[in-house]
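A.B. asks: just to be clear, the model below is a prediction. Sequence and coordinates:
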Number of protein chains: 2
Amino acid sequence: MDNSAPAAPKYYRLKEELRGLVRDAEPGSPIPTERALASRYETSRTTVRQAIAELVAEGVLSRTQGKGTFVAPSSPTYVRQLTSFTDDAAAQDLRSSSRILGIEHVTADASLVSRFGMPMASELTRVERVRLINGEPLAHEAAYLPGVLDGLRGHLEGNGSLYATLSAHYGIDIAEAEDTVETMVAGPEDALLLKTEMGAPLLLIHRRGLDAEGTPVEWTRSVFRGDRFRFFARTRR
Amino acid sequence: MDNSAPAAPKYYRLKEELRGLVRDAEPGSPIPTERALASRYETSRTTVRQAIAELVAEGVLSRTQGKGTFVAPSSPTYVRQLTSFTDDAAAQDLRSSSRILGIEHVTADASLVSRFGMPMASELTRVERVRLINGEPLAHEAAYLPGVLDGLRGHLEGNGSLYATLSAHYGIDIAEAEDTVETMVAGPEDALLLKTEMGAPLLLIHRRGLDAEGTPVEWTRSVFRGDRFRFFARTRR
DNA sequence: TAGTGGTCTAGACCACCAA
DNA sequence: TGGTGGTCTAGACCACTAG
């Protein structure tokens, strides 16, 4: 009788083999080309690509069409709940910045009201940004704020922190937040904006921010690269 | 000159096509076989499989070797921070249960102490379980608790709630928790335990539980299916 | 046993990058 | 221009499920 464990698929054994080869390598250093690996391990390029794809999803490798496949920088970036992205990055000695994709005034429709889950001002301001750490895109977020916030772009370009800007110039202070965290898969737009690849695992975070009176004053949808981000939350019962 | 946007890959167009076909379908109903889809859309099975793979990762479809590919049940399961898995499931009218994989006493080594990030009792109890919702595996978790907790298996088999058991029988009350949430990719063991497939996106959650005095009394590593789980956190500044 | 999804092959052509 | 990764093909065989 056959008592041997069923062999893992070849692409999986290759994946773990590659993980070992890469463990002590310098971040940014290239690994052999897919065709070279296929030849070395006597397999097909398809199988090599399946192994590499999962290591990319895990953030172990990164690849660029026309250039090659490289050992990814390791350190994931923590972002704490209810603190400013800007401050958190600074606390970890990372340069944070953001690229404003658009600021516009919108009228609340049924969909928006239901997403806020609250009575809303009829006029909202929508801020769409890409958040970067050390120049690398980490997140894409769209925030909805009540009212028409004139001059917001100027203030944001000054320091980049939305929460600090809201507090200093508009009298909006977020005292409490509700977040949900789930996974999603990168589509073409996400892949472009976050410089990752289609099919890559992402973290989708929805936040509802409340002021000291418990009134909802923020609704934000954020998409983070799953390979470079860790969400941190602390709660008292 | 060519002003047309570059066409999305064929597998991506097929993916969105399939998403539409499936949107109004009954959960659990089968979709055509991969060979049938390849023929219908005049493409290869490889391309069909790439499209289906991403829909599986998103929790839109599920498939079983030998049986077929099916429309997945939609509802993701929320689990709130710092509340009992058991209670949360009940609040959402879901049957929760757990399968105990093992309960053992271990001696704290350097690795464990550093993960706890604190001075530890030298004797720990390790509880490994699979958590199920409506009979479907949702999470795999291993909890470390300080001391030798005799009779734990019996108490857990009684009601299933670890937090309730700790409070009622061992005088351990968790008053505060720190969680980190990140993505990972399913390997062979995760795929088996969670009845998902290799390469599937998972949520990896580490929790450190503290009692009212701020003493760490729990360290848990949980792996949740990314397609059926949403993490919820509420924080006051 | 027939049919399904899971793995794998050996190619092909395209899009992109650097020299 | 040559080499890289990205997409796609048309098969093959295996592992598993169900009738």
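C.D. replies: Thanks, I have the structure now. Numbering: from 1, shown residues only, chains lettered A, B, ... in the order given.
A.B. asks: report whether the worst-scoring helix or strand of chain A on mean pLDDT contacts chain B.
C.D. replies: Every helix and strand in chain A was compared by mean pLDDT, DSSP states H and E; the lowest is helix A:110-116, with a mean of 74. No - if you take CB under 8 Å from any CB of the partner chain as the test, helix A:110-116 misses chain B, and the best it gets is 14.9 Å. Backbone N, C-alpha and C define where each C-beta goes, glycine included.
A.B. asks: so how far is that helix off the chain centroid?
C.D. replies: Averaging C-alpha positions (CA atoms, centre = their mean, to the nearest Å) puts helix A:110-116 24 Å from its chain's average.
A.B. asks: same question, stretch A:15-27
C.D. replies: 24 Å.
A.B. asks: now do stretch A:148-159
C.D. replies: Its chain's C-alpha centre and that of stretch A:148-159 lie 23 Å apart, by CA atoms, centre = their mean.
A.B. asks: report the buried residues of that stretch.
C.D. replies: Within stretch A:148-159, the residues scored as buried using 16 or more other CB atoms under 10 Å in any protein chain shown are A:Leu149, A:Leu152, A:His155, A:Leu156.
A.B. asks: ok, the residues you listed vs A:Ser96, which is closest?
C.D. replies: Among the buried residues of stretch A:148-159, A:Leu156 lies closest to A:Ser96 (CB to CB), at 12.9 Å.
A.B. asks: so A:Thr46 belongs to a helix, correct?
C.D. replies: Yes - counting by DSSP: H, G, I helix; E, B strand; the rest coil, A:Thr46 falls inside a helix.
A.B. asks: in chain A, which spans are helices?
C.D. replies: For chain A, the helices defined by DSSP state H cover A:10-23, A:34-40, A:45-57, A:85-91, A:110-116, A:152-159, A:162-170, A:188-193.
A.B. asks: then the fifth one to PDB, C-alphas only?
C.D. replies: Put plainly, it is helix A:110-116. Extracted in PDB, the C-alpha atoms of helix A:110-116 (Å, rounded to 0.1, in the frame of the first residue of the first chain):
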ATOM      1  CA  ALA A 110     -29.500  57.800  -2.000                       C
ATOM      2  CA  SER A 111     -26.400  55.600  -2.400                       C
ATOM      3  CA  LEU A 112     -24.200  58.000  -0.600                       C
ATOM      4  CA  VAL A 113     -26.600  58.500   2.300                       C
ATOM      5  CA  SER A 114     -27.000  54.800   2.800                       C
ATOM      6  CA  ARG A 115     -23.200  54.300   2.800                       C
ATOM      7  CA  PHE A 116     -22.900  57.000   5.400                       C
END
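A.B. asks: and it, what does it pack against?
C.D. replies: With contacts taken as 3 or more CB pairs under 8 Å, 6 or more residues apart in numbering or on different chains; DSSP states H and E, helix A:110-116 sits against strand A:216-225.
A.B. asks: redo that, cut-off 10 Å
C.D. replies: strand A:123-133, strand A:136-146, strand A:201-210, strand A:216-225 (3 or more CB pairs under 10 Å, 6 or more residues apart in numbering or on different chains; DSSP states H and E).
A.B. asks: same question for the last one.
C.D. replies: Based on contacts counted as 3+ CB pairs under 10 Å, 6+ apart, the elements that helix A:188-193 packs against are strand A:136-146, strand A:201-210, strand A:216-225.
A.B. asks: how does chain A divide into domains?
C.D. replies: What the record gives for chain A is the domain set A:10-71, A:77-232, from automatic domain parsing.
A.B. asks: can you give me the end-to-end span of the shortest one?
C.D. replies: In this case it means domain A:10-71. End-to-end span of domain A:10-71 (CA to CA, to the nearest Å): 22 Å.
A.B. asks: mean confidence score for it?
C.D. replies: Domain A:10-71 shows a mean pLDDT of 96.
A.B. asks: still on that earlier bit, in TSV, list the helices and strands packed on helix A:110-116 along with mean pLDDT.
C.D. replies: TSV is the format used below for the helices and strands packed on helix A:110-116 (pLDDT from 0 to 100):
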stretch	mean pLDDT
strand A:123-133	93
strand A:136-146	93
strand A:201-210	94
strand A:216-225	94
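A.B. asks: hmm, A:Tyr78 is touching B:Glu178, no?
C.D. replies: No - with contact defined as CB atoms under 10 Å, A:Tyr78 does not count as touching B:Glu178 (11.5 Å).
A.B. asks: got the contact list for A:Glu34?
C.D. replies: Contact partners of A:Glu34, counting by CB atoms under 10 Å, 6 or more residues apart in numbering or on different chains, are A:Ser44, A:Arg45, A:Thr46, A:Thr47, A:Val48, A:Arg49, A:Ala51, A:Ile52, A:Arg63, A:Gly68, A:Thr69.
A.B. asks: out of those, which touch DNA strand D?
C.D. replies: A:Arg45, A:Thr46, A:Arg49, A:Arg63, A:Gly68, A:Thr69 (CB under 7 Å from any atom of the strand).
A.B. asks: show the contacting residues for the fifth one.
C.D. replies: A:Gly68 sits next to A:Pro30, A:Ile31, A:Pro32, A:Thr33, A:Glu34, A:Ser62 when contact means CB under 10 Å, 6+ apart.
A.B. asks: equivalent analysis for the third one, please.
C.D. replies: When contacts are counted by CB under 10 Å, 6+ apart, A:Arg49 is found next to A:Tyr11, A:Glu34, A:Leu37, A:Ala38, A:Val56, A:Arg63, A:Thr69.
A.B. asks: DNA strand C contacts on chain A?
C.D. replies: Checking chain A against DNA strand C by CB under 7 Å from any atom of the strand, the hits are A:9-12, A:42-47, A:50, A:64-67.
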